[in-house]
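1. Requesting a structural model of the entry that follows:
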Amino acid sequence: MDLLRSLPLGLYLEQPQTWLHKIDPRVKFIWLMSFLTTYTFANNEWRILLVVLLVLTTLISGIPRRIWQQPQQMTGLLLLAFFVFAIGCITPDGLGLHYHPRLPAHQVVATPATANPNISVSPATPQIAQTRKPQGKTYSYTLLEIAWLKVTRRSFDLALRLSTILFTVLYSTNLYLITTAPEEITAAIESLMQPLNKFKLPITEITLTLTLSLRFIPLVLEEIQNLMRAIMTRAINWKKLGFKSAVKIWLVVINRLLENLLLRAEQMASAMTVRGFTSPNEHKVQWHDLKLQRRDWVAIAILGLFWGVRLVFGNEV
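-> Alright, predicted model coming up:
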């Protein structure tokens, strides 16, 4: 069991370096925010298009197949979204409606003129009924009903919304994290938040805290992995221990985990102090030289087209 490789979403993929890795992190961050905001008040066609765009971007980006086929990556999230969609379709929509057609079933009703050809009907004489064939598509609130299985228009719409939003939010963030180093993320956020310096906000301190927190995540996973391996090597028989004894053991494990994490944090603070770190403004480390290249301008142009299509065709009616 290797938590650092098999468990988490969004671990940075150092090799191979795809064209997504080489795009400016600020441009990728704006793309991420676009994916996370354009599905708001959007129609279902646009929500499905977002899912298709994410899948196509993954396939043409050059990310190895062994990465996105993992259960925690694109394939697993697609299966999760599909199950959410299936469960949402058969779940009651909450309205509790018993739909009945607004018009009765089509029946051929004869007029007096057709019933008795000897009777002459003047143009002013009202007719009792006319034979009309239904034109266009017939509307039905219930899309599918087989025994207890019932799919309505509202349940289908809610299931589609929930499944597409779930996949878009999780996988767009995951795709950004696996193609962008933590230092690039913080550098991009710091660059985009520079206008807030006019309001005397501690932008540098915020980005430094974010950098340290992102670097601290692998340490947390490593400590959890070590404790899990320590428990497994002791071959504890949980059935014989009982509930109270098992709770006591897990409390000891949690206490040990917190102690190890605090020790790691203290070691990190000591390392920064030894290296002469005083404050973010005086001891600033330039992680990356952010400059827009040709590929970044192409990505920005495509982003403008992306928003144009969203505003023209993606609005919910």
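
2. Every contact and neighbour count from this point should use C-alpha atoms.
-> Will do.

3. Now do the buried residues in the helix or strand where T211 lies.
-> Applying DSSP states H and E as the criterion places T211 in helix 203-233. Across helix 203-233, burial judged by 16 or more other Cα atoms under 10 Å covers 203-204, 207-208, 210-211, 214, 216, 219-220, 223-224.

4. before we move on, what about stretch 82-93?
-> So, applying 16+ other Cα under 10 Å, buried residues of stretch 82-93: 82, 84-86, 88-93.

5. Name the residues that touch it?
-> The contact list for stretch 82-93, computed with Cα atoms under 8 Å, 6 or more residues apart in numbering, reads 149-152, 154-156, 158-160, 162-163.

6. Alpha carbons only: can I get it in CSV?
-> Only the C-alpha atoms of stretch 82-93 are listed here, as CSV (Å, rounded to 0.1, in the frame of the first residue of the first chain):
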residue,chain,number,x,y,z
PHE,A,82,-22.5,7.7,-14.3
PHE,A,83,-23.7,6.0,-11.1
VAL,A,84,-24.8,9.4,-9.8
PHE,A,85,-26.7,10.0,-13.0
ALA,A,86,-28.3,6.6,-12.9
ILE,A,87,-29.3,6.9,-9.2
GLY,A,88,-30.6,10.4,-9.8
CYS,A,89,-32.8,9.3,-12.7
ILE,A,90,-34.7,6.7,-10.7
THR,A,91,-34.9,8.8,-7.6
PRO,A,92,-38.2,10.6,-7.1
ASP,A,93,-38.0,14.2,-8.3
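
7. Just give me how far it sits from the chain centre.
-> From the chain centre to the centre of stretch 82-93 is a distance of 17 Å (Cα atoms, centre = their mean, to the nearest Å).

8. and what of stretch 201-211?
-> Per Cα atoms, centre = their mean, the displacement of stretch 201-211 from the mean C-alpha position of its chain is 26 Å.

9. quick one, what contacts the residue lying closest to L290 once chain neighbours are set aside?
-> Nearest residue to L290, sequence neighbours excluded (Cα to Cα, 6 or more residues apart in numbering): D24, at 7.0 Å. D24 sits next to 290-293, 296 when contact means Cα under 8 Å, 6+ apart.

10. Name all residues that make contact with L143.
-> 150-153.

11. Among those, find me the one that's closest to N260.
-> Nearest to N260 among the contacts of L143, counting by Cα to Cα, is V151 at 51.6 Å.
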